[in-house]
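Fold the following.
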Amino acid sequence: LQLAPIQRKSEICATASATMTFSGLSKHALLVCVGGASLVSVQALNWGILGGPRGQVLGPYWAKKVVWNGGSGETAAARAEAGSEAEADVSQSLLAKIRDVQAKFVTLEGVDYKAMKDSPLFEDYVKSTEALRSIDVAKELADAAKRKAFFINVYNALLIHAMVEIMAKNKAPKTLLQRLRLYATASYDIGGFVLSLNDIENGILRGNRKGAAPWAKHQFEAGSKEEDVLVVSCDPRIHFALNCGARSCPPVRFYKPESVDDDLDKATKSFFMQPGGMEVAASEEGEGYSVKSTQLLKWYQNDFVIDQRGAAVEDETDAHKAVLQWVSRFFREESEVAERAKAALKGAALTWDYFDYDWSTNVA
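Numbers count the residues shown, from 1 in each chain. Next up, the predicted model:
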């Protein structure tokens, strides 16, 4: 990773250091220093340079958020004059437009970004996102199930929205670092909160936990308004509902508030029925079992362990068994993989490996 030095009052140098591995790809962390020596607050440094809300890309590398639902929009005052009925319709209206766009351009095989760009349906959706700026999140999304369904759908829609726009400029992410930057910067203004894809996933839907990238911080500061108003309890099933725009990501589906719990169960079961979900086999050495799974179970391991056991565990084998126990709930009863999982959970020896993650863009 090559960065040119930045000049701002005193010399600020960015040097590549601390080679690390994320999803099998070697990248470099950034060490930021002033005058070649003393360290400064990276958050303060980035805020000063970028001049606005920013998202953490990797370690001390932060980037300014790009808000995709700009424009005049409908003001809060105008909505207030229209009455409470108009206010209550914002999230439902937007979700209806998301559903229409997905029905035409999204399949289980991927997304037709090119056709979507010139579609009146997409243009109508983009205009409708402006109303998000004045939504009263605390009031309209007070119900936890409604908030969960809303933000799952908005995450997938925001990712598609950003991908359509950047692919039209031939700037689709080609490296892992470019993808991390996309997740940190692509944002919607929702009720005055500038929320990136990372904010929605890690801050809201994962209960304000740290992201999977090395040196990730909590998305929201403790005691912040975001943490108070937006966050829902972590539901690990969301990992099989959120689509990150890559081939190995779960397919895009639409989630209804009234059936989000059943819909998440179906999405999770479907994911583990597909190649690349999980395989369980007797060990070739004749003792114990071996598991091979999606890397989502590695990156977010603690989400599954905590949901299954009520707390994180330090022993690796114990943690793996907790994850296997969690996933086993979604296997078809009496299927071969379900029976092998039961046997693996009773045994002492368990090895675990992961499928390669296909980061290529999910173009239909």
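
switch to C-alpha atoms for all contacts and neighbour counts from now on
Fine.

Look up how far residue 222 lies from residue 211.
Separation of residue 211 from residue 222 (Cα to Cα, to the nearest Å): 16 Å.

shouldn't residue 354 be in contact with residue 292?
Yes. Using Cα atoms under 8 Å, residue 354 is in contact with residue 292, at 5.0 Å.

Ramachandran coordinates for the spatially most central residue of the chain?
Centroid-nearest residue in the chain: residue 201, 4.1 Å away (criterion: Cα atoms, centre = their mean). With angles defined as degrees, to the nearest 10, residue 201 sits at phi -70, psi -60.

quick one, what contacts the residue nearest to it when sequence neighbours are not counted?
Leaving aside its sequence neighbours, residue 201 sits nearest to residue 155 (Cα to Cα, 6 or more residues apart in numbering; 7.5 Å). Shown in contact with residue 155 (Cα atoms under 8 Å, 6 or more residues apart in numbering): 197, 200, 201, 242.

Stretch 110-128: end-to-end distance?
Terminal residues of stretch 110-128 are spaced 24 Å apart (Cα to Cα).

so for that stretch, what's the average pLDDT?
Across stretch 110-128, the average pLDDT comes to 94.

Please identify the buried residues of that stretch?
110, 111, 112, 113, 114, 116, 117, 121, 122, 125, 126, 128 (16 or more other Cα atoms under 10 Å).

Which residue is the nearest non-sequential neighbour of the first one?
Counting by Cα to Cα, 6+ apart, the nearest residue to residue 110 once its immediate chain neighbours are dropped is residue 364, at 4.2 Å.

Give me the pLDDT for that neighbour.
Residue 364 is given a pLDDT of 86.

any idea how far stretch 225-245 is from the chain center?
When distances are taken as Cα atoms, centre = their mean, to the nearest Å, stretch 225-245 is centred 8 Å away from the chain's centroid.

end-to-end on it?
So stretch 225-245: terminal residues 30 Å apart, Cα to Cα.

Go through that stretch and flag the buried ones.
Neighbour counts using 16+ other Cα under 10 Å place 226-227, 230-232, 234-245 of stretch 225-245 among the buried residues.

Repeat that for stretch 332-346.
337, 338, 340, 341, 344, 345.

So what touches the helix or strand hosting the first one?
If you go by DSSP states H and E, residue 337 is part of helix 336-346. Outside of helix 336-346, the residues within contact range by Cα under 8 Å, 6+ apart are 279-282, 288-289, 321, 324-325, 328, 331-332, 350.

among the residues you listed, which are in helices?
321, 324, 325, 328 (DSSP state H).

one step back: surely the residue nearest to residue 110 and residue 115 touch.
No. Residue 364 is beyond contact range of residue 115, at 10.3 Å (criterion: Cα under 8 Å).

From the buried residues of stretch 110-128, pick the one nearest residue 310.
Nearest to residue 310 among these: residue 110, at 35.6 Å, using Cα to Cα.

quick one, what contacts the closest one?
So residue 110 contacts 247, 251, 362, 363, 364 (Cα under 8 Å, 6+ apart).

Bridged to it, which residues?
residue 107 (DSSP bridges).

secondary structure element for residue 291?
Assigned by DSSP H and E, residue 291 falls in strand 289-293.

Off-centre distance for that strand?
That offset, for strand 289-293, works out to 25 Å (Cα atoms, centre = their mean).

try stretch 190-201
11 Å.

And it, what's buried?
Here stretch 190-201 shows 190, 191, 193, 194, 195, 196, 197, 198, 199, 200, 201 as buried, counting by 16+ other Cα under 10 Å.
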